[in-house]
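Enquirer: Take a look and give me a structure for this.
(2 chains, ligands or ions: 2)
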Amino acid sequence: MANVLAVLEVRNGALRKGSAELLAAARRLADASGGTVDALVCSTGAVNTDTLGAAGADRVLSASHADFANYCPDGTVATVASVSAQYRAIVVSASATGKDLAPRIAARINAPCAMDVTSVDLSGDTIRVVRPVYAGKALQTVDLRGSTVIAVRPGAYAGLGAGKAGANVSITVPPFTKRLDVTGIRTANTGLLDVAEARVVISGGRGLGDPKHFVLLEELAAAFGGEAAVGASRAVVDAGWAEHGAQVGQTGKTVAPELYIAVGISGAIQHLAGMRTAKVIVAINRDKDAPIFKVADYGIVGDLFEVVPALTAAVKQVKAH
Amino acid sequence: MKIAVCLRRTPDTTAKIVIAAGGTSIDETGVKFVPNPYDEYAIEAAIALKEKAGAGETVVVALGADSVQETLRTALAMGIDRAVHLQGNASADGLENARALADHVRGGGYDLVLFGKLAVDDYGQQTGAMVAELLELPCATAITMLEIADGRATVEREVEGGVEQATCALPAVFTCDKGLNNPRLPSLKGIMAARKKPFDIAPVTVAAGAVTVASLVLPPERAAGRIVGEGAAAVPALMQLLVSDAKVI
Ligand SMILES: Cc1cc2nc3c(=O)[nH]c(=O)nc-3n(C[C@H](O)[C@H](O)[C@H](O)COP(=O)(O)OP(=O)(O)OC[C@H]3O[C@@H](n4cnc5c(N)ncnc54)[C@H](O)[C@@H]3O)c2cc1C
Ligand SMILES: Nc1ncnc2c1ncn2[C@@H]1O[C@H](COP(=O)(O)O)[C@@H](O)[C@H]1O
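Expert: Ligands and ions are numbered 1, 2, ... in the order given. Alright, predicted model coming up:
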């Protein structure tokens, strides 16, 4: 029987996006063998966990500690380790925080760790996961024996949206040494969503010609009403036109939004590495032979300065209805 | 300032991936191998920190078959002082590799142990944090800023929607991300000097661990896309497809 612990992420006193998705992955793994799902929430106190039962948690384990005001890897690892013996698998979201946490937990409890998994199954006695490697140029299937730690890639599992009422249990944070002190988060000044989390990502490349033209993409993003983020190719990040945090691709972020719109981006292999798993890809490029059109579901050949404003107007119109 | 950098040999990122017979690894024929790109940020940080401190030693450590020696020499040519080849076969289980690296680094008197944030071949994204945990050292992963003063480190790392800031005492372990610095290229003088630098070979046995690679395949091709049309005139047709067919708006 595979009991699963899902370690959820909290920031500023609230559960992060992706919690429901992670529970859906945990549920799938547990249900394969009649196991249970516990959700662990490390925080300073009251975090609203009302939705977790419906999202798939049988129980919510709440661990409170003053040091959990910011991300506290040392305290979280100690807490997970104190309950880990009950679980066959410990899952986290493969976010910046989850990727930081997973290998620490694995080393502490002497378990193998698989990062960025897009699918997870129990097959006989082993947990079998699939994960992109070589910058998404290949998919690796790996078998993990014994207890395992798995970081599930955001976008890989849809939330369940229906489950049981989760019971609430308080657990004690064991003593730990706070080796790393996270002092805070400087939020990006754009106020826009992060490309790794947005449902819609609109990325600009060198075709924009000048940093000031990013405003065209910001307007298009705004038309989507708070669910779109603006990304960038490395060429424009290196040129200083966009922040590194916006870079999509092999040396930037991997994104899997429902809709990815590439504007004035040629579609170099390193860029594709970061966005080829988007559900729908749209490309706007004036060069009909640009490689981006090979991966795009829908392409428009044309001048972005003409096409993007027209698209913005059209999206606004649809959203207004 | 004594700094260790753990270095991995990886295929050049532009390499075309061909699956080898057996279906669990890549065909290395004709593939160019380079130092893992993220490890170059670690190497640059190590060299620059030692230069700034004016004293100390930088050491580069690689676990693997004899082919890693070429990679280690590249690091020496960039300016690292000394190389260690942990001669043995790395495991598919990152924790076993971390153990071998931790065993070597332990007791070495290092102020800093630096890693890349990920290896561009297996995308393991775990070795550095595991070594830190095994050595019970403070750790921050995927850092884009590092400052050392008075025996403490201040770092920044990118998280969704912002930049996380943290501090810790040395010795510490960090994994390095793009943005940390601009790695220098090996100079001709550096390449000459590298030949005379200390180069140790230490055989190690890495346990098999709990991970088996069952298969490696190329990703499914995306279904052939289509050009909806040209210019702004194609926008209504595109909207129709996005709203009615793909249902993403
Ligand atoms: C190790 C390594 C890692 C890398 N990592 C990344 C990464 O993470 N992310 C990444 O993006 N790149 C990465 N790159 C760089 C990558 O190889 C490309 O150089 C880069 O993606 C190109 O950016 P671009 O598409 O914006 O520019 P270009 O290739 O110059 O393309 C610009 C496009 O805009 C089009 N265009 C021009 N004007 C207009 C107009 N008015 N209207 C419409 N279209 C127009 C052109 O037809 C062209 O296709 C990496 C490279 C290396 C070597
Ligand atoms: N065989 C190895 N020898 C030395 N260092 C390694 C080895 N494998 C991984 N590393 C280090 O660990 C980092 C992350 O690798 P990975 O966890 O495999 O993604 C790399 O960037 C290297 O710094």
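Enquirer: and A:Val282, what does it touch?
Expert: When contacts are counted by C-beta atoms under 8 Å, 6 or more residues apart in numbering or on different chains, A:Val282 touches A:Leu259, A:Tyr260, A:Ile261, A:Ala262, A:Ala296, A:Asp297, A:Tyr298, A:Gly299, A:Ile300, B:Leu238, B:Leu242. Yep, even glycine has a C-beta here, placed from its N, CA and C like the rest.
Enquirer: give the contact list for B:Gly209.
Expert: B:Gly209 is in contact with A:Pro112, B:Ser91, B:Ala92, B:Asp93, B:Leu95, B:Glu96, counting by C-beta under 8 Å, 6+ apart.
Enquirer: Near ligand 1, which residues of the stretch 101-250 of chain A are found?
Expert: With C-beta under 6 Å from any ligand atom as the criterion, the stretch 101-250 of chain A meets ligand 1 at residues A:Gly205, A:Arg206, A:Gly207, A:Ser233, A:Arg234, A:Ala235, A:Val236, A:Gln247, A:Val248, A:Gly249, A:Gln250.
Enquirer: any idea how far the residue in chain B that ligand 1 sits nearest to lies from A:Gly274?
Expert: For chain B, the residue closest to ligand 1 is B:Thr13, as judged by C-beta to the nearest ligand atom, at 4.4 Å. Note on B:Thr13: its distance to A:Gly274, by C-beta to C-beta, to the nearest Å, is 12 Å.
Enquirer: Quickly list what's touching both of the two.
Expert: A:Gln250.
Enquirer: Between the two, which has more neighbouring residues?
Expert: A:Gly274 (28 against 18; other C-beta atoms under 10 Å in any protein chain shown).
Enquirer: Secondary structure class of the more buried one, three-state.
Expert: Three-state call for A:Gly274 (DSSP: H, G, I helix; E, B strand; the rest coil): helix.
Enquirer: for it, what are its contacts?
Expert: Counting by C-beta under 8 Å, 6+ apart, the residues that A:Gly274 touches are A:Gly136, A:Gln247, A:Val248, A:Gly249, A:Gln250, A:Gly252, A:Lys253, A:Thr254, A:Val255.
Enquirer: Which one (most neighbours) among those residues?
Expert: Busiest of those [other C-beta under 10 Å] is A:Val248, holding 31 neighbours.
Enquirer: doesn't A:Thr277 make contact with it?
Expert: No: with contact defined as C-beta atoms under 8 Å, A:Val248 does not reach A:Thr277; the gap is 11.6 Å.
Enquirer: Name the residues contacting each of the two.
Expert: A:Thr254.
Enquirer: Mind telling me what element the residue most central in space within chain A is part of?
Expert: Nearest to the mean C-alpha position of chain A, by C-alpha atoms, centre = their mean, lies A:Pro154 at 3.3 Å. According to DSSP states H and E, A:Pro154 maps onto no helix or strand at all.
Enquirer: For it, report the pLDDT, please.
Expert: The score at A:Pro154 is 85. That number is its pLDDT.
Enquirer: quick one: contacts for it?
Expert: Per C-beta under 8 Å, 6+ apart, neighbours of A:Pro154: A:Gly18, A:Glu21, A:Ser93, A:Ala94, A:Ser95, A:Ala196, A:Glu197, A:Ala256.
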